[in-house]
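**Q** no sequence for this one, just the structure:
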């Protein structure tokens, strides 16, 4: 048994923390679920197709955009490639569909028949107004370059 009286408080906490971490790791590894099958997939192909239509023109009506259309909101003087203009409302009408009441624009009348089978995410956001960093954030979880994308983790 080592003489613990010669240890400083910092050394003692460091050694105890390492021991507790090892105990936690051991219990986690022991409790890991075991599978009875061998995975068949050897590779994952992630298809990310940049571009596409503006989301609020299809599934995300923004009443605030309609209310403040043409106005330049506070904080819109961003240093970006082009000067930021006023707000632009969607020119398309929205109506509720299915039992869920999902609002879908007039651009998708056939898809609206399947409203209760759709999952629409309206909670994605970023603090960066530029598309390049936003794409990195969406695919990598960070705006830092050279970080593996979601496809490589799958």
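**A** Now that the structure is in, tell me what you want to look at. Nothing here was measured: the structure is a model prediction, and the numbers come from that model. Numbering: from 1, shown residues only.

**Q** wait, is residue 113 part of a helix?
**A** Yes - assessed with DSSP: H, G, I helix; E, B strand; the rest coil, residue 113 lies in a helix.

**Q** any idea how far residue 98 is from it?
**A** 8 Å (C-beta to C-beta, to the nearest Å). To be clear about C-beta, it is placed using only N, CA and C from the backbone, and glycine gets the same treatment.

**Q** what do you get for residue 38?
**A** From residue 38 to residue 98 the distance is 41 Å (C-beta to C-beta).

**Q** same check, this time on residue 87
**A** Taken as C-beta to C-beta, the span from residue 87 to residue 98 is 29 Å.

**Q** and if you look at residue 66?
**A** 23 Å.

**Q** the domain parsing of the protein - what is it?
**A** 1-32, 54-123, 124-154 (automatic domain parsing).

**Q** What average pLDDT does stretch 95-105 get?
**A** Here stretch 95-105 scores 94 as its mean pLDDT.
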